[in-house]
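[1] structure for the following, please:
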Amino acid sequence: MVYPETLEKLIKFYKKLPSIGEKSAERLALATLNIDDDVIADFIQSLSTAKEKLQPCKICNNLTDKEICDICADENRNKNLICVIEDYKSVFSFEKAGRFNGVYHVLNGLISPINNVGPEDIGISSLVKRVDSLENPELILALKSSIEGETTTLYIKKIFEKKNVVVSRLSYGLPMGAEIDYLDIMTLDKALEDRKKIS
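    Residues are numbered from 1 along each chain as shown. Prediction:
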């Protein structure tokens, strides 16, 4: 063991975070030791508060610290235009682009038969219920171009093909397998603008 046990434990916690490898975890852990005690206390409080208060929005499943997220509560948003996405990280990407004036529906992942994930596991029933309550809705499917994304897209298209629902998808200008939350704003904005009607 190179580090004291207590420091080694801190490094292991940092390594649990996405994109943090051994070296980055070591740097973060050592830097943490130089932070003032009051800042550390605020950091601990922020972590605790985030875990306690952040939850899915009752309408769209987006991450919020309220019962209904600010987007769903905003009367100026077009409630008939719903962008369907895989997870809440993509909401932040679209909102940073700042051009989309509709609302979102966040799935709990994508259909993946190989991993035993079916439609009932990702909350499609709540999407159906939501759409059924609207007049002339449009769904924009903003799911990644992968086998799971295509499977989910086809499933949603099939559900709504006999209903009065326009279903479109983001432009195929997106790179295959691209994660929505990693795309630059210009690419995402163009994909949204050039969406293709699929039903």
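[2] now do the strands in this structure.
    Using DSSP state E, the strands of the chain run over 55-56, 63-64, 81-85, 103-106, 138-142, 166-169, 196-197.
[3] export those to CSV and append columns for mean pLDDT.
    Converted to CSV, the strands of the chain look like this (pLDDT from 0 to 100):
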stretch, mean pLDDT
strand 55-56, 94
strand 63-64, 95
strand 81-85, 95
strand 103-106, 96
strand 138-142, 94
strand 166-169, 90
strand 196-197, 64
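[4] can you tell me which of these comes nearest to residue 127?
    With CB to CB, the closest approach to residue 127 among the strands of the chain belongs to strand 103-106: 5.1 Å. C-beta here means a position set from N, CA and C on the backbone, and glycine is covered the same way.
[5] which helices and strands does that closest one pack with?
    Applying 3 or more CB pairs under 8 Å, 6 or more residues apart in numbering; DSSP states H and E, one finds that strand 103-106 makes contact with helix 70-73, strand 81-85, helix 88-97, helix 124-132.
[6] which helices and strands sit right next to the shortest one?
    I take that to be helix 70-73. In terms of contacts (3+ CB pairs under 8 Å, 6+ apart), helix 70-73 is packed against strand 103-106.
[7] list the contacts of the strand it packs on.
    With CB atoms under 8 Å, 6 or more residues apart in numbering as the test, strand 103-106 has contacts from 56-57, 59-62, 71-72, 77-79, 81-88, 90-91, 94, 126-127, 130.
[8] parallel or antiparallel, list what pairs with that strand.
    Under the criterion DSSP bridges, strand 103-106 sits next to strand 81-85 (parallel) in its sheet.
[9] tell me the angle the strand it pairs with makes with helix 88-97.
    Strand 81-85 and helix 88-97 meet at an angle of 130 degrees, taking axes from the mean of the first three to the mean of the last three CA atoms, to 10 degrees as the criterion.
[10] list the buried ones in strand 81-85?
    Taking 16 or more other CB atoms under 10 Å as the basis for neighbour counts, the residues of strand 81-85 that come out buried are 81-85.
[11] mind listing residues that contact the lengthiest helix in the chain?
    With DSSP state H setting the assignment, residue counts place helix 37-53 as the longest helix in the chain. Outside helix 37-53, the residues that touch it by CB under 8 Å, 6+ apart are 32, 35, 65.
[12] who wins for most neighbours among the residues you listed?
    Using other CB atoms under 10 Å as the neighbour test, the contacts of helix 37-53 are led by residue 32, with 15 neighbours.
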